[in-house]
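let's see this in three dimensions:
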Amino acid sequence: MNWLDYDTDNCSVQRSLDVIGDRWSVLILREVFNGIRRFGQIKEHTGASDSVLAHRLHKLVDEEILYAADYAEPGARRRKEYRLTDAGLDLQPVLLSLRAWGDAHRAGPEGPSLEVRHDDCGARVDLELHCEAGHRIDDRRGVHTAPGPGARRAGR
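Numbers count the residues shown, from 1 in each chain. Below is the predicted model:
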(Lines give C-alpha, C1' and ligand atoms only; values in the text may rest on other atoms or scores of the structure.)
Protein backbone atom coordinates (compact mmCIF):
# COMPACT_ATOMS: atom_id res chain seq x y z
CA MET A 1 0.00 0.00 0.00
CA ASN A 2 1.53 3.28 -1.09
CA TRP A 3 -0.31 6.32 0.22
CA LEU A 4 1.39 8.49 -2.40
CA ASP A 5 -0.85 6.74 -4.95
CA TYR A 6 -3.92 8.32 -3.32
CA ASP A 7 -5.35 11.81 -3.55
CA THR A 8 -5.71 13.82 -0.33
CA ASP A 9 -8.24 16.40 -1.54
CA ASN A 10 -11.05 14.65 0.31
CA CYS A 11 -9.08 13.82 3.46
CA SER A 12 -11.24 14.04 6.60
CA VAL A 13 -8.30 15.29 8.69
CA GLN A 14 -7.73 18.14 6.25
CA ARG A 15 -11.44 18.99 6.14
CA SER A 16 -11.60 18.97 9.95
CA LEU A 17 -8.60 21.28 10.20
CA ASP A 18 -10.29 23.64 7.75
CA VAL A 19 -12.97 24.09 10.43
CA ILE A 20 -11.12 23.87 13.78
CA GLY A 21 -7.44 23.83 12.85
CA ASP A 22 -6.38 27.12 14.36
CA ARG A 23 -5.36 27.87 17.92
CA TRP A 24 -8.26 30.21 18.69
CA SER A 25 -10.98 27.82 17.54
CA VAL A 26 -9.61 25.04 19.72
CA LEU A 27 -9.33 27.40 22.71
CA ILE A 28 -12.91 28.60 22.16
CA LEU A 29 -14.08 24.99 22.10
CA ARG A 30 -12.15 24.32 25.31
CA GLU A 31 -13.98 27.20 26.97
CA VAL A 32 -17.43 26.14 25.77
CA PHE A 33 -16.80 22.54 26.88
CA ASN A 34 -15.83 23.96 30.29
CA GLY A 35 -19.06 25.98 30.52
CA ILE A 36 -17.68 29.39 29.49
CA ARG A 37 -20.15 30.48 26.81
CA ARG A 38 -20.34 34.26 26.69
CA PHE A 39 -18.22 36.46 24.44
CA GLY A 40 -16.67 38.56 27.20
CA GLN A 41 -15.88 35.56 29.35
CA ILE A 42 -14.32 33.66 26.43
CA LYS A 43 -12.29 36.76 25.52
CA GLU A 44 -11.04 37.19 29.07
CA HIS A 45 -10.15 33.52 29.50
CA THR A 46 -8.40 33.05 26.14
CA GLY A 47 -6.85 36.47 25.57
CA ALA A 48 -8.28 36.63 22.03
CA SER A 49 -8.92 40.06 20.56
CA ASP A 50 -12.50 41.11 19.83
CA SER A 51 -12.02 40.75 16.08
CA VAL A 52 -10.34 37.34 16.25
CA LEU A 53 -12.92 36.01 18.70
CA ALA A 54 -15.87 37.35 16.70
CA HIS A 55 -14.47 35.87 13.48
CA ARG A 56 -13.82 32.43 15.02
CA LEU A 57 -17.20 32.30 16.75
CA HIS A 58 -18.93 33.26 13.50
CA LYS A 59 -17.05 30.50 11.65
CA LEU A 60 -17.84 27.88 14.31
CA VAL A 61 -21.53 28.86 14.11
CA ASP A 62 -21.47 28.81 10.29
CA GLU A 63 -19.85 25.36 10.37
CA GLU A 64 -22.55 24.19 12.82
CA ILE A 65 -20.09 23.39 15.61
CA LEU A 66 -21.70 25.98 17.89
CA TYR A 67 -25.02 27.76 17.90
CA ALA A 68 -25.75 31.18 19.35
CA ALA A 69 -28.53 31.36 21.95
CA ASP A 70 -30.01 34.61 23.19
CA TYR A 71 -29.81 35.60 26.84
CA ALA A 72 -30.38 38.83 28.73
CA GLU A 73 -29.30 39.88 32.18
CA PRO A 74 -32.05 41.77 34.05
CA GLY A 75 -32.18 45.33 32.74
CA ALA A 76 -29.62 44.69 29.99
CA ARG A 77 -29.91 44.19 26.24
CA ARG A 78 -30.04 40.77 24.63
CA ARG A 79 -26.73 39.08 24.00
CA LYS A 80 -25.54 35.75 22.65
CA GLU A 81 -23.98 32.80 24.36
CA TYR A 82 -22.49 29.91 22.46
CA ARG A 83 -23.47 26.30 22.89
CA LEU A 84 -22.31 23.07 21.31
CA THR A 85 -24.30 21.43 18.55
CA ASP A 86 -24.23 17.64 18.16
CA ALA A 87 -21.30 18.08 15.75
CA GLY A 88 -19.57 20.19 18.40
CA LEU A 89 -20.18 17.57 21.08
CA ASP A 90 -18.59 15.01 18.76
CA LEU A 91 -15.35 17.01 19.12
CA GLN A 92 -15.14 16.17 22.83
CA PRO A 93 -12.84 13.15 22.31
CA VAL A 94 -10.58 15.32 20.14
CA LEU A 95 -10.17 17.91 22.89
CA LEU A 96 -9.83 15.20 25.54
CA SER A 97 -7.08 13.60 23.43
CA LEU A 98 -5.25 16.93 23.16
CA ARG A 99 -5.60 17.39 26.91
CA ALA A 100 -4.32 13.85 27.61
CA TRP A 101 -1.31 14.41 25.34
CA GLY A 102 -0.58 17.73 27.04
CA ASP A 103 -0.95 16.13 30.48
CA ALA A 104 1.54 13.42 29.52
CA HIS A 105 4.06 15.57 27.65
CA ARG A 106 3.61 19.23 28.63
CA ALA A 107 2.19 19.44 32.16
CA GLY A 108 4.14 21.42 34.73
CA PRO A 109 5.96 19.75 37.64
CA GLU A 110 2.83 19.98 39.83
CA GLY A 111 0.81 18.00 37.28
CA PRO A 112 -2.18 18.66 35.03
CA SER A 113 -4.33 21.73 35.60
CA LEU A 114 -7.64 19.92 35.35
CA GLU A 115 -9.27 16.52 35.47
CA VAL A 116 -12.31 15.30 33.58
CA ARG A 117 -14.80 13.37 35.69
CA HIS A 118 -17.94 11.36 34.96
CA ASP A 119 -21.05 13.17 36.27
CA ASP A 120 -22.81 9.96 37.37
CA CYS A 121 -20.07 8.43 39.52
CA GLY A 122 -17.31 11.02 39.83
CA ALA A 123 -14.61 8.73 38.41
CA ARG A 124 -11.90 10.18 36.18
CA VAL A 125 -12.57 9.91 32.44
CA ASP A 126 -9.87 8.31 30.30
CA LEU A 127 -9.72 7.72 26.58
CA GLU A 128 -8.89 4.41 24.99
CA LEU A 129 -8.59 2.99 21.52
CA HIS A 130 -10.56 -0.08 20.65
CA CYS A 131 -11.54 -1.80 17.43
CA GLU A 132 -15.12 -2.51 16.37
CA ALA A 133 -14.69 -6.11 17.59
CA GLY A 134 -14.20 -4.68 21.10
CA HIS A 135 -10.45 -5.25 21.54
CA ARG A 136 -8.69 -2.62 23.60
CA ILE A 137 -5.62 -1.41 21.70
CA ASP A 138 -2.68 -0.77 23.98
CA ASP A 139 0.04 -1.07 21.30
CA ARG A 140 -0.66 1.92 19.05
CA ARG A 141 1.96 0.65 16.62
CA GLY A 142 -0.42 -2.24 15.94
CA VAL A 143 -2.83 0.00 14.02
CA HIS A 144 -2.65 0.91 10.34
CA THR A 145 -4.68 2.87 7.84
CA ALA A 146 -6.33 1.42 4.75
CA PRO A 147 -8.20 3.02 1.86
CA GLY A 148 -11.82 3.75 2.77
CA PRO A 149 -14.86 3.95 0.52
CA GLY A 150 -14.11 7.58 -0.39
CA ALA A 151 -10.45 6.96 -1.30
CA ARG A 152 -9.46 8.19 -4.74
CA ARG A 153 -6.39 7.24 -6.69
CA ALA A 154 -4.17 10.22 -7.44
CA GLY A 155 -4.21 11.34 -11.06
CA ARG A 156 -0.59 11.28 -12.11
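
just the helices in the protein please.
Here the chain has its helices, by DSSP state H, at 12-20, 23-33, 39-46, 50-62, 86-89, 92-105.

okay, now the unreliable bits of this structure?
Counting by pLDDT under 70, the ranges of the chain that qualify are 156.

let's see it at 90
Within the chain, the segments meeting pLDDT under 90 span 1-3, 5-10, 72-77, 140, 147, 154-156.

ok, residue 46 touching residue 27?
Yes - Residue 46 lies in contact with residue 27 (Cβ atoms under 8 Å); the separation is 4.6 Å. In this view, the C-beta of every residue, glycine as well, is placed from N, C-alpha and C.

just checking, residue 146 touches residue 6?
No - look at residue 146 against residue 6 with Cβ under 8 Å: they stay out of range, at 10.7 Å.

who has more neighbours, the two?
Between residue 146 and residue 6, counted using other Cβ atoms under 10 Å, the more crowded position is residue 6 (15 against 6).

from residue 12, how far out is that one?
13 Å (Cβ to Cβ, to the nearest Å).

with residue 131 instead?
Applying Cβ to Cβ to residue 131 and residue 12 gives a distance of 19 Å.

got a list of what the spatially closest residue to residue 93 that is not a sequence neighbour touches?
Nearest residue to residue 93, sequence neighbours excluded (Cβ to Cβ, 6 or more residues apart in numbering): residue 127, at 6.3 Å. For residue 127, the contacting residues are 93, 96-97, 100, by Cβ atoms under 8 Å, 6 or more residues apart in numbering.

cool, thanks, signing off.
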